[in-house]
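# Task: produce atomic coordinates for the following.
(2 chains)
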Amino acid sequence: MSEQAVGIAARLRLQRDEFVLDVDMRLPGSGVCVLFGRSGCGKTSLLRAIAGLERAEGVLEFRGQRWQDRYSFRPPHLRPLGYVFQEASLFAHLDVMGNLTFGYQRVPPAQRRIVLDEAISLLGLDNLLQRNAQTLSGGQRQRVAIARALLTSPQLLLLDEPLASLDGPSKAEILPYLERVRDELALPMIYVTHAPEEVARLADQLILLENGRIQAYGTLNQLLTAPDLPLAHLDDAAAVLPARVLSHDAHYALSELAVPGGSLWIAGCQLAQGSATRVRILARDVSLALQPSPGSSILNSLPAQLVDLSADRDPANLLARLELRAEGQPSQSILARLTRRSADRLALQVGMRVHAQIKAVALMR
Amino acid sequence: MSGEDLGAIWLTLKLATVVTLLLLLFCTPLAWWLARTRSAWKAPVGALVAMPLILPPTVIGFYLLLFMGPQGPLGQLSDWLGIGLLPFTFSGLVIASMVYSLPFVVQPLQTAFEQIGQRPLEVAATLRASPWDSFRHVVLPLARPGFFTASVLGFAHTVGEFGVVLMIGGSIPGQTKVISVQIYDHVEAMQYGSAHLLSAVLLAFSFVVLLLLHRYRKGHLHV
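Purely as a prediction, here's the structure:
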């Protein structure tokens, strides 16, 4: 990564009762980087250390500015970041508007890049402004907290499991807002979660943390489909692919989406033609064929190359990693879970060209 | 009610007001420190602050008398500064009352600060507020019920003191003769009528204070 492209360069160490956080990482200065791992692995501690809320030892730089090293420590209120806590933590003595403007007023006008109306409409808060924080639902409170953080015009947004304390419907309510923030503001984000659904929808990069150490770092697609990482062996292991809506077919009520290496037909897509989205394909929904099979009822088939074949948790199964090639784009992979018996019958070997037959595709939006 | 009675009431109000204001100034940082420190000094300092709750007022008065007297460190300091000795003066009474009412102001503030917790301060810091800014615009407004309770208790407790005043202040009209001392004098002189009147004033005062406090706390429960 060039110096310019590096957002965060950190070498941090923090002693905790349950683990020692010890990381050395360089994150890009754009996109959503998800810190993923089970609870107690140090995700939140790392995020708090980046914010300066936790005093770790080591060196931390953001876009070339030194935030801490052996001799200096820049306190949190002087770091140009926004932080969304797991519980919205709105100020109880202020109404919604008072909460929104708290940080906004403390940023010099010349440095403001997000104005009040913009944040209010981005998070859909128009009808809540005069309300008392106590009378809001969990989802509404978290939306206010996100807008409040954005209104400091941060150069980096840190989110600590912002959906973890919400119920299902509230989560579903917030996710589209987070996607809008990601898509409409050029703002790098570090997002802590242990929910695979949020990873699939939001992540560009992924960091897997285990016991305070970085187990793996890479793009979302790389890490979801890496056979040597635990993600690929989960029951609902899945790959996420970038997609673009090509057309809608009203007669069959299907839409065609371009994905790397081909296109997929998908039902229930409401997005406008041309819009970008993501699709998720579960490993168990993909089977392999050596030839295209016009005699099958399966609608979606993509040509792919078998790049890895490895043991899965269940001894009856193998996990295949299939690379989809698209000109001018980085290659993306999907996973297929198949029985060892089928693999032997097809005499599958790494390097072979195959056809991935896809039984189901989930639209991530 | 005699002029001396009215003088005693006025002096008591003046003393309680001055003591409460000074205690709020002094106890806010102390309570803040007690609420947030992880220092080993927290327990001993906390115990020291709570001592006036259980010590007999005469004991506090006695030690303060020695402390402010010609041989005591504060006495020597005040003498050296040219103020003279503090016992049997209004200033001496203020200092003694501050010690006596200290826990009644520190403890509600400490509880209020502890209830606020770390989180609002962290939020404020990530919203660009410096520590002092956070204290002023987040902690102080959130701790308002605590400040109200502390003021009321500090004031009321100072109004009701007797033992310490007797040891430190004596009974000098206009200087140190507060209501409780005046009542004592009336009873000594068998003037039960006058004693009744002043006692009834204090009784009503205490009742109203507790009623107000109760109402206020109830009003803040759901905040």
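# what about the helices in the stretch 101-250 of chain A?
A:116-122, A:138-150, A:168-184, A:196-202, A:220-224 (DSSP state H, counting those that start in this stretch).
# which residues of chain A score low on pLDDT?
Across chain A, the ranges flagged by pLDDT under 70 are A:1-5.
# Around residue 175, count how many other residues there are.
In the absence of a named chain, chain A is used. Applying other C-beta atoms under 10 Å in any protein chain shown, we find 17 residues neighbouring residue A:175. C-betas here are computed from N, CA, C, even on glycine.
# You answered for a different chain; I wanted chain B.
Neighbour count for residue B:175, taken as other C-beta under 10 Å: 16.
# For it, which residues are in contact?
Taking C-beta atoms under 8 Å, 6 or more residues apart in numbering or on different chains as the criterion, residue B:175 is in contact with B:11, B:88-90, B:93, B:169.
# Give me the buried subset of those.
Among those, those buried by neighbour count (16 or more other C-beta atoms under 10 Å in any protein chain shown) are B:11, B:88-90, B:93, B:169.
# Adding distance to residue A:305, write those out as CSV.
What follows is these, written out as CSV (distance: C-beta to C-beta, whole Å):
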residue, distance to residue A:305
B:11, 96
B:88, 100
B:89, 96
B:90, 94
B:93, 92
B:169, 96
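# out of everything not next to it in sequence, what's closest to residue B:66?
Ranked by C-beta to C-beta, 6 or more residues apart in numbering or on different chains and with sequence neighbours excluded, the top spatial neighbour of residue B:66 is residue B:72, at 5.3 Å.
# Identify the farthest-apart pair in the contacts of residue B:175.
Within the contacts of residue B:175, B:11 and B:88 form the most distant pair, 13.8 Å apart (C-beta to C-beta).
# Identify the contacts common to those two.
Common neighbours of residue B:11 and residue B:88 (C-beta under 8 Å, 6+ apart) are B:175-176.
# Okay, now stretch B:183-197: how far is its last residue from its first?
Distance across stretch B:183-197, first residue to last, is 9 Å (C-alpha to C-alpha, to the nearest Å).
# I meant to write stretch B:134-143 there.
Using C-alpha to C-alpha, one end of stretch B:134-143 lies 12 Å from the other.
# Quick one: residues in contact with that stretch.
In contact with stretch B:134-143 (C-beta under 8 Å, 6+ apart) are residues A:91-93, A:102, B:32, B:109, B:112-113, B:116, B:120-121, B:123-125, B:129, B:147.
# from the residues you listed, which single one is nearest residue A:340?
residue B:123 (53.6 Å).
# Give me the spatial nearest neighbour of the closest one, chain neighbours excluded.
Nearest to residue B:123 is residue A:89, by C-beta to C-beta, 6+ apart, at 5.0 Å.
# Could you pull up the residues touching residue 11?
Going with chain A. Residue A:11 touches A:23-24, A:58-60, counting by C-beta under 8 Å, 6+ apart.
# my bad, the chain I had in mind was chain B
Contacts for residue B:11 (C-beta under 8 Å, 6+ apart) come out as B:90, B:174-178.
# repeat that with 10 Å
Neighbouring residues of residue B:11 by C-beta atoms under 10 Å, 6 or more residues apart in numbering or on different chains: B:90, B:93, B:169, B:172-179, B:181-182.
# Can you flag which of those belong to helices?
Mapping these onto helices (DSSP state H) picks out B:90, B:93, B:179, B:181-182.
# farthest-separated two in the contacts of stretch B:134-143?
So, the contacts of stretch B:134-143 by C-beta to C-beta: farthest apart are A:102 and B:109, at 23.7 Å.
# the more surrounded of these two?
residue B:109 (26 against 22).
# what helix or strand does the closest residue to residue B:2 other than its chain neighbours sit in?
Among residues not flanking residue B:2 along the chain, residue B:194 sits closest, at 7.0 Å (C-beta to C-beta, 6+ apart). Element membership for residue B:194, per DSSP states H and E: helix B:192-221.
# Buried residues of that helix, list them for me.
So for helix B:192-221, counting by 16+ other C-beta under 10 Å, buried means B:194-195, B:198-199, B:201-202, B:205, B:209.
# Which secondary structure elements does that helix sit against?
helix B:3-36, helix B:144-159, helix B:179-188 (3 or more C-beta pairs under 10 Å, 6 or more residues apart in numbering or on different chains; DSSP states H and E).
# The second one vs helix B:3-36, what angle?
The one in question is helix B:144-159. Relative orientation of helix B:144-159 and helix B:3-36, computed by axes from the mean of the first three to the mean of the last three C-alpha atoms, to 10 degrees: 140 degrees.
# can you dump the C-alpha coordinates of helix B:144-159 into PDB?
Output of helix B:144-159 as PDB, limited to C-alpha atoms (Å, rounded to 0.1, in the frame of the first residue of the first chain):
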ATOM      1  CA  ARG B 144     -28.200  18.400  38.900                       C
ATOM      2  CA  PRO B 145     -30.400  16.300  41.100                       C
ATOM      3  CA  GLY B 146     -27.300  15.400  43.100                       C
ATOM      4  CA  PHE B 147     -26.400  19.100  43.500                       C
ATOM      5  CA  PHE B 148     -29.900  19.900  44.600                       C
ATOM      6  CA  THR B 149     -29.900  17.100  47.300                       C
ATOM      7  CA  ALA B 150     -26.400  18.100  48.400                       C
ATOM      8  CA  SER B 151     -27.400  21.800  48.800                       C
ATOM      9  CA  VAL B 152     -30.600  21.000  50.700                       C
ATOM     10  CA  LEU B 153     -29.000  18.500  53.100                       C
ATOM     11  CA  GLY B 154     -25.900  20.700  53.600                       C
ATOM     12  CA  PHE B 155     -28.000  23.700  54.400                       C
ATOM     13  CA  ALA B 156     -30.500  21.900  56.600                       C
ATOM     14  CA  HIS B 157     -27.800  20.100  58.500                       C
ATOM     15  CA  THR B 158     -25.900  23.400  59.200                       C
ATOM     16  CA  VAL B 159     -29.100  25.000  60.400                       C
END
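# Could you see whether chain A lies near that helix?
Yes. For helix B:144-159 and chain A, the contact criterion (C-beta under 10 Å from any C-beta of the partner chain) is met by residue B:144.
# pretty sure residue A:256 contacts residue A:269?
Yes. Using C-beta atoms under 10 Å, residue A:256 is in contact with residue A:269, at 9.1 Å.
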